[in-house]
Structures are given as structure tokens and as C-alpha cells.
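>>> Output the structure for:
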Amino acid sequence: KQQTAMRRNKHFLFRSLMMLMALCSSGMALADKAGGQLSNGKWSISDDGVLTVTVSGALSNFKGTVNGGNAHSCKSPWYDYSDIIKEVNCNATSVGDFAFYGLDKVGKASIPNATSVGTCSFFHFGNGELILELPKVKSVGDYAFSRCGIKRLRLPVVETIGSGVWEDTYSYGGPFCKTE
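The predicted structure is shown next:
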């Protein structure tokens, strides 16, 4: 009886291990299936690192602090996934404070509807090869692009620019264009 019970346990463990291996090989992983609700929409991160933010209207401000040009303590829901986010797509009409803070692996971003970007909204954003076009942005908040790795930034209709916006902004392999 004891040997029969041991065989059953071995078979159970073997089947469990095989199911777990099948789930892992199918690409199921917790970090790859991240997402959640926002007050006026939702967000998700795909298996290939694309952050999609779909909201009705403006993307809310997120908590963070600025002290002498240094941003700290970002609380956007996707910040904890900054190591896997490689692309950002957002339909917001306004980008809130600290919204995309710290997403330094991003190489592609599309935010075509935004008319304003808040304080530190793109602080430490971009992998150095990022070309970011914000065709409708008229207002840029303080430190919005500080410490960014943006190869080219296009803001064709900007009217108001806050303080420290370009502070410590760097570029790899090409000229940095604040506006065109």
C-alpha cells in the first residue's frame, strides 16, 4: 500500500511539473500579463513590452516629488515594470505629472492626442534612440523631459515651456532637437 501511494504521489508530481512547464513555455508569465484599471480607463503591458494606456480624456497625475531637479517616488501603476517596457502607446489628451517617469528602456512612443505634458511626465524616459513626436502639445510642465534619452523630440506647436525641462537631457548618436 505504501508503494502504491508513493507511485501515485510521483505521478501527481510528474503531471504537475509537466503542466507547469507547458504553461511557462506558452509564454505565460506574471510580468508579461500586467495591467489594470485607471479612474478613466485602463492600461496593459503585452508580452513584447508594449505599454498601452487607453483613457477617456486626460491621463491623471501620479504622485512623485521633485527636489532640486531630482524626481523621486513615482507611483504610476506601470513603474514597477519599467525594465520590460520597450514601447508606449497612449491616447490621452493630456499627460499627467510623473506619468511615464523612469521608463528608460523605451525606444518607441506614440502619444498623438496630448495637448499638454505635466511635471516630470517623461523624466528619465527613453533609451537614447527614441524619436518622440508630440504634434499637438502646447504646454510642457517643469522637468518634463529632464534626464531623457531622446534622440529627437518634435514639438511643433509648443507655446509654454516650464523650468528645467531639458535639464541633463542626453542623446546617443544624433543631435537633440528640442523643437522643429
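
>>> what are the ranges of the helices in this structure?
Taking DSSP state H as the test, the helices found in the chain are 2-25.

>>> Sketch out the low-pLDDT regions of it for me.
The model of the chain has pLDDT under 70 over residues 1-33, 67-73, 170-180.

>>> Check the burial of the closest residue to Asp104 other than its chain neighbours by counting its neighbours.
Leaving out its chain neighbours, the residue that sits closest to Asp104 by C-beta to C-beta, 6 or more residues apart in numbering is His124, at 5.4 Å. Where C-beta positions appear, they are placed from N, C-alpha and C, glycine not excepted. Neighbour count of His124, defined by other C-beta atoms under 10 Å: 20.

>>> which residues touch His124?
Ala71, Tyr101, Gly102, Leu103, Asp104, Ser146, Arg147, Cys148 (C-beta atoms under 8 Å, 6 or more residues apart in numbering).

>>> run the last query once more with 7 Å
Tyr101, Gly102, Asp104, Arg147, Cys148 (C-beta atoms under 7 Å, 6 or more residues apart in numbering).

>>> And these, which is closest to Ile45?
Gly102 (14.4 Å; C-beta to C-beta).

>>> one step back: need the contacts of His124 in JSON lines (columns: distance to Val140 and neighbour count).
Output for the contacts of His124, formatted as JSON lines (distance: C-beta to C-beta, whole Å; neighbours: other C-beta atoms under 10 Å):
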{"residue": "Tyr101", "distance to Val140": "15", "neighbour count": "27"}
{"residue": "Gly102", "distance to Val140": "18", "neighbour count": "22"}
{"residue": "Asp104", "distance to Val140": "19", "neighbour count": "18"}
{"residue": "Arg147", "distance to Val140": "15", "neighbour count": "22"}
{"residue": "Cys148", "distance to Val140": "12", "neighbour count": "28"}
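
>>> could I get those as JSON lines with distance to Ala34?
JSON lines is the format used below for these (distance: C-beta to C-beta, whole Å):
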{"residue": "Tyr101", "distance to Ala34": "17"}
{"residue": "Gly102", "distance to Ala34": "15"}
{"residue": "Asp104", "distance to Ala34": "18"}
{"residue": "Arg147", "distance to Ala34": "24"}
{"residue": "Cys148", "distance to Ala34": "23"}
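
>>> Does Gly162 touch Ser146 like I think?
No - using C-beta atoms under 7 Å, Gly162 makes no contact with Ser146, being 10.1 Å away.
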